[in-house]
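Asks: need coordinates for the following:
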Amino acid sequence: MKRKILAVCDSEEEYTSRMQEFLCTREELPFEIHAFTDTEKLEISSKSEEIEILLISESDYSEKIKEFPIENIYLLNESGQMEYDNVEQVSKYQPSEKILGQVLDFYSKRRDLPRKIKTRMSVNIIGVYSPVGRCLQTSFSLTMGQILAKAHKVLYLNFESFSGLGQILQHDMETDLTDLLYYYTNTRERFRYRLENSLQTLNGLYFIPPAASFLDLQSITAETWTELLAAIEEEGMFEYIILDLSDCIQGLLEMLRKCDIVYTIFKDDHFAAAKMHQYEELLEDMDYGDILDKTKKQKMPHIRKIAPKLEQITYGELGEYVRQVLREDMQYE
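Replies: I've put the predicted structure just below:
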């Protein structure tokens, strides 16, 4: 069965090309992406192919477009004025991810997002957690995620109290992990759309912005976290899910138990060794010894310099170290 089409039409060729390129990178979208710089070609195509969604610039739009056999038309507003009140509009001059999110929001109010026809992926869950602080856990996780994302669909989830990712990435973090949880709990039938709308990317790595408040994180039950993780797995969109975990969440041990492999980073000093010993004793005493069985303890080498931009941390000493870890544990080439 052929996929439905999401079409972009803008006579500004550079903009159309950039938008098409962005949409084509969103492999989770259940649409085939077509681009037009000419409304006449768009009209011809609409008569022979099923265009489900049309995203068209204000300067190329006319009432004639409404006569095309396209049910879902969204206007890329350029003027800031609302000249056409019979068509839903989004601002053209904003990040592509935000445009896509608003368009999917409009669309999902009319109908369910169609499922992409593909074999469900087998999901590998990688947990990263250490009782030792300031050990480059998040840098390790993001480096691993970006390296794996070169050849696989990878989702990164951060559970820190204060991740700082919004500040570092300069990303729009309007929708975060707790918002996705809210939608999962209250509008479960639209979960797939909400998941897709929550995704952002970092150098090919998908992530959902972390919770803005640690108080929100602490209020979420262990059962809810495990249900959310299961729901994401069920959608079959990712081959790897990386959980950058912290002990501020309820159900930490249950989340670690769900992982296929757990990386625990430690330091070679007296306090770090004491903390690690206490953590391992706790796992044994509470019958979570199976977590230790799948744990890879990583003593990080001294990293002299980490790239200031997260998109660049796969290079240099840290990148080479993580590649070596992947080669040893996953036969990654």
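Asks: run a quick neighbour tally on Asn186.
Replies: By other CB atoms under 10 Å, 8 other residues sit near Asn186. To be clear about C-beta, it is placed using only N, CA and C from the backbone, and glycine gets the same treatment.
Asks: then Phe207?
Replies: Around Phe207 there are 23 residues (other CB under 10 Å).
Asks: mind checking what secondary structure the nearest residue to it once chain neighbours are set aside has?
Replies: In this structure, Phe207 finds its nearest non-sequential neighbour in Tyr156, 4.3 Å apart by CB to CB, 6 or more residues apart in numbering. Of the three states, Tyr156 takes strand under DSSP: H, G, I helix; E, B strand; the rest coil.
Asks: for this protein, which residues score under the pLDDT cut-off?
Replies: The chain contains residues with pLDDT under 70 at 1-2, 111-121, 171-172, 331-333.
Asks: so which residues of it form strands?
Replies: Counting by DSSP state E, the segments of the chain that form strands are 4-9, 31-36, 51-57, 72-77, 88-91, 124-128, 154-158, 200-202, 205-207, 240-244, 261-266, 295-299.
Asks: partner strands of the first one, with direction?
Replies: Spelled out, that is strand 4-9. If you go by DSSP bridges, strand 4-9 pairs up with strand 31-36 (parallel), strand 51-57 (parallel).
Asks: what's the answer for the last one, then?
Replies: Strands flanking strand 295-299 in the sheet, each with its direction: strand 261-266 (parallel) (DSSP bridges).
Asks: list the buried ones in the partner strand?
Replies: 262-266 (16 or more other CB atoms under 10 Å).
Asks: and what of stretch 20-34?
Replies: Result for stretch 20-34 [16+ other CB under 10 Å]: buried residues 20, 22-23, 26, 28-34.
Asks: one more: stretch 269-281?
Replies: Buried residues in stretch 269-281, counting neighbours by 16+ other CB under 10 Å, are found at 272, 275-276, 279-280.
Asks: which ones among these map onto helices?
Replies: The helices, defined by DSSP state H, take in 272, 275-276, 279-280 from the buried residues of stretch 269-281.
Asks: and these as TSV, adding distance to Ser141?
Replies: TSV is the format used below for these (distance: CB to CB, whole Å):
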residue	distance to Ser141
Ala272	19
Lys275	19
Met276	18
Tyr279	18
Glu280	21
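Asks: between those residues, which is nearest Ser45?
Replies: Tyr279 (59.8 Å; CB to CB).
Asks: go ahead and confirm that closest one touches Tyr129.
Replies: No. Using CB atoms under 8 Å, Tyr279 makes no contact with Tyr129, being 9.1 Å away.
Asks: tell me how many other residues surround the closest residue to Ile99 other than its chain neighbours.
Replies: Leaving aside its sequence neighbours, Ile99 sits nearest to Val90 (CB to CB, 6+ apart; 5.4 Å). By other CB under 10 Å, the residues close to Val90 number 18.
Asks: hang on, the earlier thing: need the strands paired with strand 4-9 in TSV with distance to Gln250, can you?
Replies: Shown next, in TSV, are the strands paired with strand 4-9 (distance: least, CB to CB, whole Å):
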stretch	distance to Gln250
strand 31-36	38
strand 51-57	39
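Asks: which one of the ones in helices among the buried residues of stretch 269-281 is nearest to Glu67?
Replies: Tyr279 (66.4 Å).
Asks: kind regards, and thank you for your time.
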